[in-house]
Structures are given as C-alpha cells and as structure tokens.
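Asker: what follows is a predicted protein model with its sequence.
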Amino acid sequence: MRVLRVEIEAPTTSFRYPHFMVGRHPTYPMPPPATVHGLVCAAVGELLGPEDFRFGYRFVVAGSAHDLEHLHFVSQASRSDRVEAYGDIHRGNTNATVIPTVRDFLFGARLTLYLDKPDLARAFREPRYALCLGRSQDLASVVRVDDVELVPRPQGYFEHTLLPAEARLWANRGTVTTLPRYLDHTLGRRPAYAHYLFLTERLVATIEPAPELAASLGPQRVRPLPDAVSLWVDPDSPDYRGTQRAVWFHEFN
C-alpha cells in the first residue's frame, strides 16, 4: 500500500474537550480525527469531504503541564447598558468578561501522519494556510514529507496511536474515549462523534500464532487480531523483537 508519511512538530498543543466551557480545561492525549481533518484541509487550502482520504498516525510528546490563560466571553449588551468614554456616555452594544482559566497542554509534540493519498505531498511541502496542531495558537511545522510503501506482515506493533473502540476487546488495554470525528460544514459545522481507543504503550498484534513472541513478552503484550483484519507496517520504523510499527487507518464517515 503506497501512502504519504508526514512528520509534523509543534512546541505546544492542546486538544480541548468540546463540552468544557468553564473550569479547568483538560486536553486529550492525542489529536481527535476532526483535528487531523482540519490540519489536512489547511495544508490543501480547501475543504475536503469525509470520503476523500483515510489517515493513521503515531503521536508522542515530551511532557505535559498547565498554565493560566484568559477566556473572553462576549454577549450582546442590554438596552440599559451604558459606557463612559472620554467624558461622554454611550450606549453599549456588547459585553465582554475576561475569566482566567487553567488549561492543560502538551509540549514537544511530534506527529507521524499517514495518509492514503500520496498525491497530497505537495500540499504539505507548500501549505496553503498555517498549520495548527490543536488550537489556532498551536502552530506546527512540517519537518519531513515522503512516500512509503506499507507492507503486509503477520506481526506488527501499535504504540502511541488511535484505534477504533472495538479494538479494546482484543487489545485488552488502552482508554476508550468519545472524540469529535468530523465537522459537517454543510450543517453549520455540526460535529459528529465516535468512540476511539487511546493506546500509548507498545502492543504487538499478530494475524498468525506467535508462540515465541508470546513466551518472551507475555500473552498480555502479544494479542491476536480479529479475523479479516489486515496488518500493514511501516518498513522504515524501528524494529522490536522482529516486528515493526503497524498503521491503523481511520475513515471520517
């Protein structure tokens, strides 16, 4: 399978929980699919449909922290609101409230993004718009763009990646979370949500029985894949006990 591999770095990033408006703002440990879609659309310079490409990724960070930032809540002023400026009284049209808020963020982020559209390479070499990994202030830079031929293998490892929620049944580890999958711009940017599995630790997945791997690593770290699931690995990735990094592709539909 010929795919596009893009290495992206960002000094800081934060993937906010969409339903948190007040109080501390946590961050997801990895980018939601909707964030990936927005990143690719920014590079291309136009809105791509949910059927235009599939993606997989590996995402690592140097650490996490929190800091204070200002949130600005703006509302329409009432008829009785008045503002004094330069000695005159004026009727106000908006009210703004500044609220200091604790926000969690990640730093030293590196995203290895795989896209099943190799023809998007030029878009990442010459992005149309600024690339952001998370919020608009989380500027990112592309450090490498190349094509890679993923190869089918009977074994491969997953780590620091996103898997479908159903993978929890065979992986036996990770955290299932509801994430924004896609923002429908034809319906006022209405978000669609889906369940996914955050997998941070390394897990060897096998299509065929691997008794030697299971004996050396333990059965909990070597898990059989369900039937009819293909295993595609990056041949340039680091070797681990005779296996290499596998890529799971997601759709936005």
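Answerer: Okay, I see it.
Asker: I would like the residues contacting stretch 178-196, please.
Answerer: With CB atoms under 8 Å, 6 or more residues apart in numbering as the contact definition, stretch 178-196 has outside contacts at 18, 28, 32-35, 37-38, 47, 50, 162-165, 176-177, 252-253. (Each C-beta comes from the backbone N, C-alpha and C, glycine too.)
Asker: just the terminal-to-terminal distance for it.
Answerer: Separation of the first and last residues of stretch 178-196 by CA to CA, to the nearest Å is 6 Å.
Asker: so where do the strands sit in the stretch 51-200 of the chain?
Answerer: Taking DSSP state E, counting those that start in this stretch as the criterion, the stretch 51-200 of the chain carries its strands at 55-60, 63-76, 82-85, 88-91, 94-115, 141-149, 151-152, 155-158, 161-164, 175-184, 190-199.
Asker: pick the most buried one from these.
Answerer: Sort these by mean neighbour count, taking mean count of other CB atoms under 10 Å, and strand 155-158 sits at the top with a mean of 24.
Asker: please tell me how far it is from the chain's geometric centre.
Answerer: Centroid separation between strand 155-158 and its chain, computed with CA atoms, centre = their mean, to the nearest Å, is 20 Å.
Asker: now stretch 71-79
Answerer: Distance, centroid of stretch 71-79 to centroid of chain: 32 Å (CA atoms, centre = their mean).
Asker: and if you look at stretch 243-251?
Answerer: Using CA atoms, centre = their mean, the distance between the centre of stretch 243-251 and that of its chain works out at 14 Å.
Asker: mind listing what's buried along that stretch?
Answerer: Applying a neighbour-count criterion of 16 or more other CB atoms under 10 Å, one finds 243-250 buried in stretch 243-251.
Asker: of the residues you listed, closest to Ala77?
Answerer: When the buried residues of stretch 243-251 are compared for distance to Ala77 (CB to CB), His250 comes out closest, at 44.5 Å.
Asker: in contact with the closest one, which residues?
Answerer: Applying CB under 8 Å, 6+ apart as the definition, the contact partners of His250 turn out to be 33, 54-56, 162, 164.
Asker: okay, those in JSON lines with pLDDT and distance to Arg128 next?
Answerer: Putting the contacts of His250 into JSON lines (pLDDT from 0 to 100; distance: CB to CB, whole Å) gives the following:
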{"residue": "Pro33", "pLDDT": "97", "distance to Arg128": "21"}
{"residue": "Arg54", "pLDDT": "97", "distance to Arg128": "21"}
{"residue": "Phe55", "pLDDT": "98", "distance to Arg128": "18"}
{"residue": "Gly56", "pLDDT": "97", "distance to Arg128": "23"}
{"residue": "Leu162", "pLDDT": "97", "distance to Arg128": "26"}
{"residue": "Pro164", "pLDDT": "96", "distance to Arg128": "31"}
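Asker: how about low-confidence regions in the chain?
Answerer: For the chain, residues meeting the criterion pLDDT under 70 lie at 79.
Asker: one more pass at 90, please.
Answerer: Using pLDDT under 90 as the threshold, the predicted model of the chain has low-confidence ranges 16-25, 68-101, 134-137, 183-191, 208-221, 226-230, 253.
Asker: can you pull the contacts of the most centrally placed residue in it?
Answerer: For the chain, the residue whose C-alpha lies nearest the mean C-alpha position (CA atoms, centre = their mean) is Pro31; its distance is 1.9 Å. For Pro31, the contacting residues are 13, 15, 39, 57, 59, 111, 133-134, taking CB under 8 Å, 6+ apart as the criterion.
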